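Colleague: Provide a 3D model corresponding to the input given below.
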Amino acid sequence: MKLLGTNASPYVRKVRLVLLEKNIPHDYVVDPPRGPGSQVARVNPLGRIPALILDDETCVFDSPVIAEFADSLNDHPILIPRNDARARMRVKRWEALADGIMDSAVTVRTESMRPAEKQEAGNINLHNNAITRALVYAADQLGASEWCEGDSIALADLALASALAYLDLRQTGRDWRSAHPNLDAWFIRISKRASVRATLAG
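Modeller: Numbers count the residues shown, from 1 in each chain. Just a heads-up that it's a prediction; the model follows:
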């Protein structure tokens with residue numbers, strides 16, 4: 001299988017982390033959707049990344065769908081609980097929280113790249129405030145735990161790591177580490193995993 005994406009996309013990072021943690025063979029192809037000759041729009045009608053192309057040319061798109069599909073391919077490890085509905089909900093809720101942070105950070109990034117006179121300060125504030133609230137919630141839910149859910153790595157951890165890495169990339173002025181030392185300690189620890197090091201390196 002082949003994964004199309006870019007190194008800067010937090011959604012692509014999340015999917016890459018899932019594939020790497022589960023040791024699923026794949027080729028990662030850097031393919032910016034707006035780049036000349038991009039094949040993204042050809043395989044994904046939405047023209048978005050990540051796009052996972054299976055060996056039979058089926059395209060799986062949207063990061064939650066790819067993550068869930070990839071997790072079903074083997075049991076090493078199981079990243080989304082399969083036999084406990086509430087635990088599954090909690091992992092998917094973590095993913096939704098992390099994706100929401102990414103969504104808002106991308107919106108702020110997009111808005112800030114517009115000419116100053118065309119930027120909507122209200123929209124920027126709305127999404128920055130959402131990120132702030134989400135980080136408070138994440139820090140409270142994590143507490144002193146090693147993992148976001150249960151006693152081993154889960155999709156929740158990979159999604160949160162992707163969101164925090166994106167804040168480091170695009171919101172360098174946001175001092176989330178000082179505001180939430182437990183998230184900082186958690187991120188430092190998870191960043192030592194081979195999968196996370198690989199995606200942070202490019």
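Colleague: which strands or helices does the helix or strand A198 falls within pack on?
Modeller: Here A198, judged by DSSP states H and E, is contained in helix 194-201. Here helix 194-201 touches helix 10-21, helix 155-170, going by 3 or more Cβ pairs under 8 Å, 6 or more residues apart in numbering; DSSP states H and E. For glycine as for every other residue, the C-beta is placed from the backbone atoms N, C-alpha and C.
Colleague: the shortest one: how far from the chain's middle?
Modeller: The reference is to helix 10-21. A distance of 7 Å separates the centroid of the chain from that of helix 10-21, by Cα atoms, centre = their mean, to the nearest Å.
Colleague: which is the next helix or strand following it?
Modeller: strand 27-30.
Colleague: listing partners with orientation, what would you give for that next one?
Modeller: strand 2-5 (parallel) (DSSP bridges).
Colleague: can you give the contact residues for the strand it pairs with?
Modeller: Strand 2-5 is contacted by residues 11-12, 15-16, 19, 26-31, 39-40, 43, 49-53 when judged by Cβ atoms under 8 Å, 6 or more residues apart in numbering.
Colleague: try stretch 163-181
Modeller: 8, 10, 13, 98-99, 101-102, 105-106, 108-109, 128, 131, 135-136, 138-139, 183-184, 187, 196, 199-200.
Colleague: follow-up on the earlier one: could you dump the helices and strands packed on helix 194-201 to TSV with mean neighbour count?
Modeller: TSV is the format used below for these (neighbours: other Cβ atoms under 10 Å):
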stretch	mean neighbour count
helix 10-21	25
helix 155-170	24
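Colleague: which stretches of the protein have low pLDDT?
Modeller: Where the chain drops to pLDDT under 70, the residues are 202.
Colleague: what about the strands in it?
Modeller: With DSSP state E as the criterion, the chain has strands at 2-5, 27-30, 51-53, 59-61.
Colleague: so for N83, which of the ones you listed sits nearest?
Modeller: strand 59-61 (23.9 Å; Cβ to Cβ).
Colleague: where does M89 sit relative to C148, distance-wise?
Modeller: For M89, the distance to C148 equals 13 Å [Cβ to Cβ, to the nearest Å].
Colleague: between these two, who's got more neighbours?
Modeller: C148 (26 against 12; other Cβ atoms under 10 Å).
Colleague: OK, contacts around the more buried one?
Modeller: Residues in contact with C148, defined by Cβ under 8 Å, 6+ apart, are 91, 94, 141-142, 154, 156-157, 160.
Colleague: between those residues, which is closest to H76?
Modeller: After measuring the contacts of C148 against H76 - Cβ to Cβ - the closest member comes out as A154, at 13.5 Å.
Colleague: now stretch 20-28 - C-alpha only, CSV.
Modeller: Output in CSV follows, covering the C-alpha atoms of stretch 20-28 (Å, rounded to 0.1, in the frame of the first residue of the first chain):
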residue,chain,number,x,y,z
LEU,A,20,4.5,2.5,11.9
GLU,A,21,3.3,1.4,15.3
LYS,A,22,1.5,-1.5,13.8
ASN,A,23,4.5,-2.3,11.5
ILE,A,24,2.3,-2.3,8.4
PRO,A,25,4.4,-2.3,5.2
HIS,A,26,3.7,0.8,3.1
ASP,A,27,5.4,3.4,0.9
TYR,A,28,5.1,6.9,2.1
